[in-house]
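*Asks:* Predicted model and sequence below, questions to follow.
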Amino acid sequence: MPLCTTRLPATPHVALALLLLARPTGLTAQATGGEAATGTLSGMVLTDVGEKPIANAEVRLSGSTRAVRSDSAGRFELSGLPTGMQRFEVRAIGFQPLRQSLVIPAGRSMDVDLLLVAEVQQLNTVRVGAEPGVGVRKPWLSGFEERRSYGIGSFLTETELEKQDPSRWASAVAQHVPGLQLVSYNGRASFGINRGLISFNNMPRGDRMDQSQGAPRSCYVQVIIDDVVRYASRVDEPLFDVSSIDPGTVAAVEFYSVSQLPARFNRGGNAPCGTLVIWRK
């Protein structure tokens, strides 16, 4: 069967390119004796520039528990899918998310290459201090230590985090910050606070997909990673899954309530539930 290639351009709402390589690769689940046929979505998650593989990207069937992560080569396979038009979501740290509808053929595998566009990151000016190498190796460190010296907010240093089990870094943060909770649902996790003052109707609660996955109502905090806002704590905004962060890369964490938030991290929103800032190694 000939190879059918279709490129879907990026839009203001979906800032990525999706290269569909639709080729049947044999029967994945053939209907027999009245059983419903299923299909498979497989392929690779790649960068749009240079088409380099993206590891640990999540590919999820919207509104269901069916999800997989790409391996070190960017490959993934999501089997046992209902056939026909289905909606999928692809998320990876440092890249803009995708929500895309695809037709899953009955009893066949649909191969796709997903090309993700990197998020735009504004770099701050780095001043190298008297200690050689510190400003170059960890440009965020001097600012982190300066804010910590003011005694406003909650901080976990790299030394403190290294004493914890890396896989439990998020739990350690929740235990360290008064009122902060690690809200888990359907294999995902987000940070919420139980000390904020916000009306029930305006409480950030995730989007419809998050709610279909069982995300409870909570005052979900704004999340900034390496100076990039990953979750702005807006109503109906998709929640950020903190379990998608490689636990071995977390170097330091700082948390601020609404009244404590430094101007550096005020990105135009009110962040009504507080702000969690994560620095990676």
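*Replies:* All right, it came through fine. Numbers count the residues shown, from 1 in each chain.
*Asks:* Could you check stretch 273-281 and say which residues are buried?
*Replies:* Cys273, Gly274, Thr275, Leu276, Val277, Ile278, Trp279 (16 or more other Cβ atoms under 10 Å). C-beta here means a position set from N, CA and C on the backbone, and glycine is covered the same way.
*Asks:* Measure how buried Glu51 is and give me the count.
*Replies:* Using other Cβ atoms under 10 Å, the number of residues around Glu51 comes to 12.
*Asks:* Helix, strand, or coil at it?
*Replies:* With DSSP: H, G, I helix; E, B strand; the rest coil as the basis, Glu51 sits in coil.
*Asks:* pretty sure it is touching Leu115, no?
*Replies:* Yes - Glu51 is in contact with Leu115 according to Cβ atoms under 8 Å; the separation is 6.7 Å.
*Asks:* hang on, the earlier thing: just give me the closest of the buried residues of stretch 273-281 to Asn56.
*Replies:* Ile278 (16.1 Å; Cβ to Cβ).
*Asks:* pLDDT weak spots in this protein?
*Replies:* For the chain, the stretches with pLDDT under 70 are 1-36, 120-137, 195-204, 268-270.
*Asks:* all helices for it, in order.
*Replies:* For the chain, applying DSSP state H gives helices covering 134-137, 141-149, 158-162, 169-176, 208-212.
*Asks:* for those helices, which one ends up most surrounded?
*Replies:* helix 169-176 (a mean of 18; mean count of other Cβ atoms under 10 Å).
*Asks:* What about Leu78, how many residues nearby?
*Replies:* Neighbours of Leu78 (other Cβ under 10 Å): 20.
*Asks:* With Ser42 as the reference, measure out to it.
*Replies:* 7 Å (Cβ to Cβ, to the nearest Å).
*Asks:* So for Ala172, what's the nearest residue that isn't a sequence neighbour?
*Replies:* Leaving aside its chain neighbours, Ala172 sits nearest to Gln164 (4.4 Å; criterion: Cβ to Cβ, 6 or more residues apart in numbering).
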